[in-house]
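Undergrad: Only the shape, not the letters, is given here:
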């Protein structure tokens, strides 16, 4: 069964050096930065039956210097150019989602145009081994130093992505503590670890949150923060205002499926209470049916992580359309040897949940259409 892996990560040497320099030797509480090279990734793909992988930079992303937007822009450009180069060297095997230096809006707007325009020019000039575009969308972390994707400050970024008809892969990162008078009112003193302000970019300094320090954040906090990010996009109206953006939600929808009715109902309560007092609710009211319609028309869900059997069952209750499900491995942060050892079991589970032609859609056809623009 040939597969397209939409959830695959790259760690170029220069980016690895930046991670170490900025104190991320154990990203998000993980034991270490995993080893990665294009050659090892290709060997993994061959053993897994993956004929193409969509590479991306994962958490903590490319905004590593909280005090220096210009440095973050440089790190982002460097990472994107490294991935573009890798993809052109292996154009039959790799494409990539470009990173953005959020929450730096001006830097993100410039990088969207730079990456896409440069990629288009390279595609037009290429006559040898690498035809076509290498950048097939953008990866955005679930929060950018405490700023969630539906925040009004990021509206220009979404407008630009909409203008470019972009595919956006929302990848989780650690939650960040950020002082908020509304969030802490009536709940004692706000956290003190997040109270300082950067003098160079005017934004508050924040600290990543590890509620269970013995556990790495990807175990529990990543699904929670993905859920916050998508709820932020929906209740801010960001997804609704930008109809030409397609969203990829990882890890089988995180913990969104069982919470749809809850956050939809509470959104109505918030709006009603604010209206009664003449206040701005800060969110819009949505119904459960509206959320499911957004998922069915605007979102894709990848199967990275451990979706079998229970998490996927819940996702399919609210998203039964196999055309919206994508294959993903999370390699190399999910170790390749573990994925290879479990390949027979994982492939069997896929066939059990998606029999017949549905399996081809999930493993290959959906990604070919959504990301690569190829229709069967």
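TA: That came in fine, so what should we check first? Computed from a predicted model, the values in this text were never measured in an experiment.

Undergrad: how distant is stretch 295-310 from the center of its chain?
TA: Taking Cα atoms, centre = their mean, to the nearest Å, one finds stretch 295-310 lying 13 Å from the centre of the chain it belongs to.

Undergrad: nope, stretch 64-83 is what I was after
TA: Distance, stretch centre to chain centre, for stretch 64-83: 18 Å (Cα atoms, centre = their mean).

Undergrad: just stretch 9-17 next, same as before
TA: Offset of stretch 9-17 from its chain centre (Cα atoms, centre = their mean): 18 Å.

Undergrad: secondary structure element for residue 316?
TA: When elements are assigned from DSSP states H and E, residue 316 belongs to helix 310-318.

Undergrad: after that helix, next one along is what?
TA: Immediately after helix 310-318, counting by DSSP H and E, sits strand 325-326.

Undergrad: Partner strands of that following strand, with direction?
TA: strand 299-302 (parallel) (DSSP bridges).

Undergrad: The strand it pairs with - what's its average pLDDT?
TA: Strand 299-302 carries an average pLDDT of 98.

Undergrad: What's the first helix or strand after the helix or strand containing residue 221?
TA: Per DSSP H and E: residue 221 is located in helix 217-235. For helix 217-235, the succeeding helix or strand toward the C-terminus, using DSSP H and E, is helix 238-241.

Undergrad: Just the buried residues of the helix or strand just after that following helix, please?
TA: Sequence-wise, the next helix or strand downstream of helix 238-241 (DSSP H and E) is strand 246-249. Within strand 246-249, the residues that qualify as buried are 246, 247, 248, 249, counting by 16 or more other Cβ atoms under 10 Å. (C-beta placed from N, C-alpha, C; glycine too.)

Undergrad: contacting residues around strand 246-249?
TA: By Cβ atoms under 8 Å, 6 or more residues apart in numbering, the residues outside strand 246-249 that reach it are 6, 137, 166-170, 226, 230, 233, 239, 256, 298-302, 326, 370.

Undergrad: give me phi/psi at residue 215?
TA: In terms of degrees, to the nearest 10, the main-chain angles of residue 215 are phi -110, psi 140.

Undergrad: returning to that earlier point: could I have the buried ones of the contacts of strand 246-249 as ChimeraX selection syntax?
TA: The ChimeraX selection below is limited to those of those classed as buried (16+ other Cβ under 10 Å):
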select :6,137,166,167,168,169,170,226,230,233,239,256,298,299,300,301,302,326,370
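
Undergrad: Specify which member of the buried residues of strand 246-249 is nearest to residue 280.
TA: Closest approach between the buried residues of strand 246-249 and residue 280, by Cβ to Cβ: residue 247, at 25.7 Å.

Undergrad: what about that closest one, distance to residue 37?
TA: 30 Å (Cβ to Cβ, to the nearest Å).

Undergrad: quick one: buried residues of the helix holding residue 221?
TA: For helix 217-235, by 16+ other Cβ under 10 Å, it's 217-218, 221-235.

Undergrad: Could you list every helix and strand in contact with that helix?
TA: With contacts defined as 3 or more Cβ pairs under 8 Å, 6 or more residues apart in numbering; DSSP states H and E, the packing partners of helix 217-235 are strand 167-171, helix 238-241, strand 246-249, helix 260-277.

Undergrad: how about those in JSON lines, adding distance to residue 160 and mean pLDDT?
TA: Output for the helices and strands packed on helix 217-235, formatted as JSON lines (distance: least, Cβ to Cβ, whole Å; pLDDT from 0 to 100):
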{"stretch": "strand 167-171", "distance to residue 160": "11", "mean pLDDT": "99"}
{"stretch": "helix 238-241", "distance to residue 160": "13", "mean pLDDT": "98"}
{"stretch": "strand 246-249", "distance to residue 160": "15", "mean pLDDT": "98"}
{"stretch": "helix 260-277", "distance to residue 160": "27", "mean pLDDT": "96"}
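
Undergrad: Distance to residue 27 added to the ones you listed, as CSV?
TA: Shown next, in CSV, are those (distance: least, Cβ to Cβ, whole Å):
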stretch, distance to residue 27
strand 167-171, 12
helix 238-241, 27
strand 246-249, 21
helix 260-277, 29
